[in-house]
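J.: Compute the structure for the input listed below.
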Amino acid sequence: MCQLCGSEVTPSTVSRRTLFAAAAGLAVAPMVVGASAASAAPRPDDGADLILHNGHVVTAALHGHSAQAVAIGGGRILATGSSSQVLRLAGRRTRRIDLRGRTVVPGLIDSHLHQFNSALDRPNVSLLEARSITDVVARIGERVAASAAGAWVQARSGWHESLLAEGRLPTRTELDSVSPQNPVYIPRGGHVATVNSAALALAGITRATKDPTGGVIVRDANGEPTGVLLERARALLTSVLPPPPSADQQRQQLLDQMAEHNALGITGVTEPGLSPDQIDIYTGLWHDHRMTTRAHLLWRIAALADVDAAVAAFKPRTGDDMLRFDGLKYLSDGGVEGGFLRDPYQLVPGEQTSADYHGVQLLPPGGADELTEMYRRAAQHGFQVQTHVVGDAAMDFIVGVMDTVHRQTPLARLRWVLMHLFLPSSQNMARMRKMGLLASVQDHPVLLGANQVKWWGEERGARAIPIREILDAGLVAGGGTDAPVVPPNPLWSLGWMVTRETLKGDVLGPEHAITAREALHLYTLGSATTQFAERTLGTIDRGKLADVVVLDADPLSVDPGAIKDIGVELTVVDGRVVYEKD
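T.: Residues are numbered from 1 along each chain as shown. So this is what the prediction gives:
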């Protein structure tokens, strides 16, 4: 049970609720830099806690000044300036780090990262390095050989068949060759899975099984399931998949995932769509002061009852600077494989031809009327809503619904966000700006690009996520990866934004590239703005929270093609060193 939202009362839940309520009281007040005890300057005899000097400090991506050093104390930025100036703040206990010319940037904030799901993925088979179906089958076979008979074998979701020589997902027959008895589940991103015959049998999926609403069971020429399941067809496996690990295991896996993200320079994330139980795991780590990435949480909603449950459980922006509940997340259509498009797909994912496949529109049981009421009720209660929108038809619909709600409850102060924006029209972006809606953009094409072109056609595939247009339309945007759909490395993401080059070496839509400064802004102050945190995060300014990253090269001055290869030397969150390269 979610210890923040349920009715069960124990000594531990009372303690956590009391603490969270106290934090909420601060959180809903206007943010004022320097207002909390953590911002107080250290006593002169103590000096700063940490000074980074003899380097290049990028205080802000777009309009900052250049400095040589930064002093940190009490979890806050104390000063920036020349090395000689800043070193005057050193005391007996100050740790001094000579940067030797390296670059310091504000902490990198991923505005759309499934950190919890990434953590649950950790024990599963990695397929990111696979380059053929033979590779995939071999890796699955190795895990089968190490597993008990009949045990499930699962893969991580962060890979893509576009990197395989065949450019497609393996079929059940190919997986059966190494796993005739063990059920195999290979998710790919958050919208597709391929499974073997044993898994299909456990789920009762046969040629007679009808496609569920909002999903597709891919079939061969004879009508037999191939093993590939799109969108809500994956839910047919829910009742037979293994249960999640214990709460203790989940906590440890989440801590390990945070550490992995720290090593990539990530200091904060927006968690787009959690269950109450997952929120409870986060709350426990927050309560025990064990978190090493800041997290802004969104409650997953699919029906009006979910909105009502959130309203009963939380007030908007409950929490503190380390863990905050921001609002709600709604999924309006599928991924690249099921995005709801105006014009039909060129090829249906799963290698099927169809003259009328437009993707999948996802609606609550009561259709458009229920969704409108969901949004209306969320707005009335002051919640931010972030909505997944991939296809242009999905965006037409969602912007229209939001416009209806906006006429009753203005949305600008609530900072509602449209996530992904693969194919935004100029008209819809203008409507977004008029309503004060924000954008959250990711680097999906770095991994999915080749298949975007195959499924959507050259024009739509190359234009996907046109960040240049989005910024030129005047929209405020945050940057991210959508990991584990795409690897969580923010330097890869920054590199793609500047070059539009995929991992396969293709350059798709170079006219939609942005500058390195703009890309860094998306990952710092832009993402902070989507989290209502621009006054405390996103730049290296006196009084702001001390989240900084040391890089081995300057992303603003290296060749754009080299940004993806920049390494992280040091990551600081809340004034604490949470990662340091050996």
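J.: Could I get the contacting residues of the residue most central in space within the chain?
T.: For the chain, the residue nearest the mean C-alpha position is residue 113 (1.7 Å; C-alpha atoms, centre = their mean). By C-beta atoms under 8 Å, 6 or more residues apart in numbering, residue 113 lies in contact with 261, 266, 269-272, 480-483, 488. For the C-beta atoms, the positions are set from N, CA and C on the backbone; glycine is no exception.
J.: now swap in residue 116 and tell me
T.: So residue 116 contacts 254, 257, 271, 274, 278, 281-282 (C-beta under 8 Å, 6+ apart).
J.: try it again with 7 Å
T.: With contact set as C-beta atoms under 7 Å, 6 or more residues apart in numbering, residue 116 has these partners: 254, 271, 274, 278.
J.: State whether it is indeed within a strand.
T.: No - counting by DSSP: H, G, I helix; E, B strand; the rest coil, residue 116 is located in no strand; its state is helix.
J.: quick one: it from residue 233, how far?
T.: 23 Å (C-beta to C-beta, to the nearest Å).
J.: and the two most separated of the contacts of residue 116?
T.: 254 and 274 (11.3 Å; C-beta to C-beta).
J.: My read is that residue 331 contacts residue 362, right?
T.: Yes - counting by C-beta atoms under 7 Å, residue 331 touches residue 362, with 5.4 Å between them.
J.: Helices along the stretch 401-550 of the chain, start to end?
T.: 426-435, 445-456, 458-463, 467-472, 490-499, 516-521, 527-530 (DSSP state H, counting those that start in this stretch).
J.: tell me the mean pLDDT over the second one?
T.: Predicted confidence along helix 445-456 averages 91 (mean pLDDT).
J.: List the buried residues of it.
T.: 445-456 (16 or more other C-beta atoms under 10 Å).
J.: Would you mind putting those into CSV with distance to residue 512 alongside?
T.: CSV is the format used below for the buried residues of helix 445-456 (distance: C-beta to C-beta, whole Å):
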residue, distance to residue 512
445, 10
446, 13
447, 17
448, 15
449, 12
450, 17
451, 18
452, 13
453, 14
454, 19
455, 19
456, 15
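J.: Quick check: which element contains the residue lying closest to the residue nearest to the centre of the chain once chain neighbours are set aside?
T.: Closest residue to residue 113 apart from its sequence neighbours, by C-beta to C-beta, 6 or more residues apart in numbering: residue 269 at 4.2 Å. Element membership of residue 269, judged by DSSP states H and E, is strand 266-274.
J.: Please tell me how far the helix or strand hosting residue 226 is from the chain's geometric centre.
T.: Per DSSP H and E, residue 226 falls inside strand 225-231. Mean-position distance between strand 225-231 and its chain equals 25 Å (C-alpha atoms, centre = their mean, to the nearest Å).
J.: any idea how far residue 466 is from residue 502?
T.: For residue 466 relative to residue 502 (C-beta to C-beta), the value is 15 Å.
J.: With residue 559 instead?
T.: 18 Å.
J.: Residue 449 now?
T.: 4 Å.
J.: just residue 457 next, same as before
T.: On the measure of C-beta to C-beta, residue 457 and residue 502 end up 17 Å apart.
J.: More neighbours: which of these two?
T.: Neighbour count, other C-beta atoms under 10 Å: between residue 457 and residue 502, residue 502 has more, with 21 against 15.
J.: Need the buried ones from the contacts of residue 113 selected in PyMOL.
T.: PyMOL command restricting those to the buried ones, with burial defined by 16+ other C-beta under 10 Å:
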select buried, resi 261+266+269+270+271+272+480+481+482+483+488
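J.: Now for the closest residue to residue 506 other than its chain neighbours: which residues touch it?
T.: Spatially, and ignoring its direct neighbours in sequence, residue 506 is nearest to residue 449 (6.0 Å; C-beta to C-beta, 6+ apart). Each residue near residue 449 by C-beta under 7 Å, 6+ apart is listed here: 502, 506, 508.
J.: same check, this time on residue 334
T.: 191, 231, 359-360, 390.
J.: Quick check: of these, which lies closest to residue 249?
T.: Within the contacts of residue 334, the smallest distance to residue 249 is 26.1 Å, found for residue 191 (C-beta to C-beta).
J.: So the closest one sits against residue 331, correct?
T.: No - the criterion here is C-beta under 7 Å, and residue 191 misses it with residue 331 at 9.4 Å.
J.: what is the rounded mean pLDDT of stretch 287-307?
T.: 98.
J.: Ends of it, what's the gap?
T.: End-to-end distance for stretch 287-307: 25 Å, by C-alpha to C-alpha, to the nearest Å.
J.: just how off-centre is it within its chain?
T.: Distance, centroid of stretch 287-307 to centroid of chain: 13 Å (C-alpha atoms, centre = their mean).
J.: list the buried ones in it?
T.: Here stretch 287-307 shows 287, 291-302, 304, 306-307 as buried, counting by 16+ other C-beta under 10 Å.
J.: Can you flag which of those residues belong to strands?
T.: Among the buried residues of stretch 287-307, the members falling in strands are 294-301 (criterion: DSSP state E).
J.: Rebuild those as a markdown table, extending it with distance to residue 178.
T.: Formatted as a markdown table, those follow (distance: C-beta to C-beta, whole Å):
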| residue | distance to residue 178 |
| --- | --- |
| 294 | 42 |
| 295 | 38 |
| 296 | 41 |
| 297 | 39 |
| 298 | 38 |
| 299 | 40 |
| 300 | 35 |
| 301 | 39 |
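J.: Can you say which two of the residues you listed are spatially most distant?
T.: Using C-beta to C-beta, those reach their maximum pairwise distance at 294 and 301, which is 22.8 Å.
J.: Could I get the CA-only coordinates of stretch 176-194 as PDB?
T.: Presented in PDB, the C-alpha positions along stretch 176-194 are these (Å, rounded to 0.1, in the frame of the first residue of the first chain):
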ATOM      1  CA  ASP A 176      11.700 -21.300 -29.400                       C
ATOM      2  CA  SER A 177      15.000 -22.600 -30.900                       C
ATOM      3  CA  VAL A 178      16.800 -21.800 -27.700                       C
ATOM      4  CA  SER A 179      13.900 -21.800 -25.200                       C
ATOM      5  CA  PRO A 180      11.200 -24.400 -26.000                       C
ATOM      6  CA  GLN A 181      10.100 -24.700 -22.400                       C
ATOM      7  CA  ASN A 182      11.100 -21.500 -20.600                       C
ATOM      8  CA  PRO A 183       8.700 -18.600 -21.400                       C
ATOM      9  CA  VAL A 184      10.600 -15.600 -22.900                       C
ATOM     10  CA  TYR A 185       9.500 -12.000 -22.700                       C
ATOM     11  CA  ILE A 186      11.500  -9.400 -24.600                       C
ATOM     12  CA  PRO A 187      10.100  -5.900 -24.200                       C
ATOM     13  CA  ARG A 188      11.300  -3.200 -26.500                       C
ATOM     14  CA  GLY A 189      10.700   0.200 -25.100                       C
ATOM     15  CA  GLY A 190       7.400   0.700 -23.400                       C
ATOM     16  CA  HIS A 191       5.100  -0.200 -26.300                       C
ATOM     17  CA  VAL A 192       6.200  -3.500 -27.900                       C
ATOM     18  CA  ALA A 193       7.200  -6.900 -26.800                       C
ATOM     19  CA  THR A 194       8.100 -10.200 -28.600                       C
END
